[in-house]
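Participant: Coordinates for the following, if possible.
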Amino acid sequence: MKKRFVFVFSGPSGAGKTTLIKHVLKTFGDDVDISVSCTTRNPRSGETDAIDYYFISRSKFGKFVDEGQFLEFTDCYGNQYGTLKSTVLGILANRKACILDVDYKGAKAILNEEVWNVEGDLEIHKIGILVLPPSIEVLRKRLLGRKSETKESLDKRISESFNGESIAKYEHVIINDDMSRAKKEVQNIIKLYFK
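Facilitator: Have a look, this model is predicted:
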């Protein structure tokens, strides 16, 4: 059996999760890849289809749901997001690990899933990594610094960021109060599983 790892990253927008994921991808090179999610939202400036997201129609998204093609899917801020099983399994067939960047609900669905229907000789281990800012005030400042939030969207993101009922069981929690330290911490976490 080939041992493979799915690192499930989640946390509020502005916690530094994307920066940490990029660090893992750069540090571990050919051993890891990130699963590109599907979304029904329109691309933002600078985003590329099949690199940032698979930008698909609502009808195609619904078809994927009906066919059971998603590991997890959710509605978020009026748009739909989902992680394709085929994308994750394709990565795991060729790499030691797949990284998922999902919201709390998605993480809960993936980490609580007892058994995946996997053909072949893959032994899959799921590891949850929660990335948090040191405080709500720091999170608010980071989100305001992006200059992409309205007052309503900022308030909604803040209130949903610390909603305990949807939070999964995570093996690791990184409090990102210093990015250099957080990068070392996430690197050490990945190394634990790559021994």
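Participant: Kindly state the beta-bridge partners for Leu122.
Facilitator: Beta-bridge partners of Leu122, counted by DSSP bridges, are Lys2.
Participant: who's in contact with it?
Facilitator: Taking C-beta atoms under 8 Å, 6 or more residues apart in numbering, we find Leu122 in contact with Met1, Lys2, Arg4, Leu89, Leu92, Ala93. C-beta here means a position set from N, CA and C on the backbone, and glycine is covered the same way.
Participant: could I get the residues you listed as JSON lines with pLDDT?
Facilitator: As requested, the contacts of Leu122 are arranged in JSON lines below (pLDDT from 0 to 100):
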{"residue": "Met1", "pLDDT": "75"}
{"residue": "Lys2", "pLDDT": "85"}
{"residue": "Arg4", "pLDDT": "93"}
{"residue": "Leu89", "pLDDT": "91"}
{"residue": "Leu92", "pLDDT": "93"}
{"residue": "Ala93", "pLDDT": "91"}
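Participant: By mean pLDDT, flag the weakest helix or strand of the chain.
Facilitator: Least confident helix or strand of the chain, by mean pLDDT, DSSP states H and E, is helix 151-161 with a mean of 63.
Participant: Which parts of the protein are helices?
Facilitator: 17-28, 58-66, 85-94, 104-112, 136-146, 151-161, 179-193 (DSSP state H).
Participant: Tell me, how many residues neighbour the residue lying closest to Thr27 once chain neighbours are set aside?
Facilitator: Here the nearest residue to Thr27 in space, its sequence neighbours aside, is Gln187; by C-beta to C-beta, 6 or more residues apart in numbering that works out to 5.7 Å. By other C-beta atoms under 10 Å, the residues close to Gln187 number 14.
Participant: I figured Gln187 was touching Leu25, is that so?
Facilitator: No. With contacts counted by C-beta atoms under 8 Å, Gln187 stays clear of Leu25, the gap being 11.5 Å.
Participant: On the strand side of things, show who the most centrally placed residue in the chain bridges to.
Facilitator: Centroid-nearest residue in the chain: Asp101, 1.1 Å away (criterion: C-alpha atoms, centre = their mean). Per DSSP bridges, the residues bridged to Asp101 are Phe9.
Participant: Could you list the low-confidence segments of the chain?
Facilitator: For the chain, applying pLDDT under 70 flags the ranges 114-119, 136, 138-139, 142-149, 151, 153-168.
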